[in-house]
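Student: Predicted model, plus sequence, below.
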Amino acid sequence: MEITEKNFVKQMERGNEKALLYVIENYGWVLKTVVKRQMATLPHLWDDCINDTLMAVWENIGSFDEKRSRFENWLAGVCRFKALNYVRKYIEASREELMEQVPDLKDESAQKALLQREYREEVNTILGYLKDEDEKLFRLIYLEGLSMDEVAERMNMTKTAIYGRISRGKKQLRRLVRESEV
């Protein structure tokens with residue numbers, strides 16, 4: 001059976017692997033775009049994230065509802081979720097690596113306090129380049145792990161406005177990182 005735009009979702013639901021190849025060929029650009037935006041500083045993890053996203057799409061295609069959104073939007077949402085998880089895991093792994101590099105302090109609580117202080121200082125330095133409201137958004141979403149709905153309610157903003165501010169903030173931080181590397 002030929003896989004087309006009209007039947008690829010049904011074919012994926014039936015377990016037809018050719019439908020997944022169709023998604024890769026026709027919607028791979030969506031995956032690459034989202035991953036590059038969300039994980040700009042982690043290019044070594046891009047392929048893993050894309051593969052995990054494809055696996056999640058394959059396993060959860062039944063949750064796609066064409067009445068609620070277009071496939072590419074649903075795919076982008078799944079990919080964003082996976083990419084954010086990768087970023088969170090990377091941050092946690094970096095934190096653990098920092099723990100191993102700290103001088104051998106006899107008191108474990110002193111070691112933890114030192115790491116937490118260094119981490120806080122680093123985060124404050126990075127987020128200090130943002131406007132106050134944008135900094136608060138980054139803290140709520142990326143450090144406290146609140147959902148967009150929770151942040152929208154707390155900040156009395158629309159989700160669209162939050163996405164826009166986050167996007168501009170990320171661009172600003174990427175630009176600053178690039179400039180500091182020169």
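Tutor: Cool, the structure landed. Numbers count the residues shown, from 1 in each chain.
Student: Map the structural domains onto the sequence of this structure.
Tutor: 1-101, 108-182 (automatic domain parsing).
Student: Throw those domains into TSV and include mean neighbour count, thanks.
Tutor: Heads up, the C-betas are built off the backbone N, CA and C, glycines and all. Output for the domains of the chain, formatted as TSV (neighbours: other CB atoms under 10 Å):
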stretch	mean neighbour count
domain 1-101	15
domain 108-182	13
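Student: Take the ones you listed and write them to TSV, including mean pLDDT.
Tutor: TSV is the format used below for the domains of the chain (pLDDT from 0 to 100):
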stretch	mean pLDDT
domain 1-101	90
domain 108-182	83
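Student: Name the SS class of Glu59, please.
Tutor: Of the three states, Glu59 takes helix under DSSP: H, G, I helix; E, B strand; the rest coil.
Student: What separation do you get for it and Leu20?
Tutor: 11 Å (CB to CB, to the nearest Å).
Student: Then Lys36?
Tutor: Lys36 is 21 Å from Leu20, by CB to CB.
Student: who's in contact with Met155?
Tutor: With contact set as CB atoms under 8 Å, 6 or more residues apart in numbering, Met155 has these partners: Glu133, Lys136, Leu137, Leu140, Ile162.
Student: which residue sits closest to the second one, ignoring its sequence neighbours?
Tutor: Yep, that's Lys136 we're talking about. Nearest non-adjacent residue to Lys136, counting by CB to CB, 6 or more residues apart in numbering: Met155, 7.2 Å away.
Student: one step back: and which of the contacts of Met155 is nearest Arg88?
Tutor: Nearest to Arg88 among those: Leu140, at 14.2 Å, using CB to CB.
Student: Hmm, Ala152 and that closest one touching each other?
Tutor: No. If you go by CB atoms under 8 Å, Leu140 and Ala152 don't touch, sitting 10.1 Å apart.
Student: Three-state assignment for Arg139, please.
Tutor: Counting by three-state DSSP, the backbone at Arg139 sits in helix.
Student: Excluding covalently adjacent residues, which one is nearest to it?
Tutor: Arg139 sits nearest to Leu127 (CB to CB, 6+ apart), 6.9 Å away.
Student: how near is that neighbour to Ile61?
Tutor: Separation of Leu127 from Ile61 (CB to CB): 38 Å.
Student: same thing with Phe81?
Tutor: Look at Phe81 and Ile61: by CB to CB, they are 15 Å apart.
Student: Same question for Asp47.
Tutor: The gap separating Asp47 from Ile61 is 21 Å, by CB to CB.
Student: what does the helix or strand encompassing Gln11 rub up against?
Tutor: Assigned by DSSP states H and E, Gln11 belongs to helix 8-13. Here helix 8-13 makes contact (CB under 8 Å, 6+ apart) with 1, 3, 18-20, 22-23, 57-58, 61-62, 64, 66, 71.
Student: Equivalent analysis for stretch 50-61, please.
Tutor: By CB under 8 Å, 6+ apart, stretch 50-61 touches 9, 12-13, 20, 23-24, 31-32, 35, 75, 78-79, 82-83, 86.
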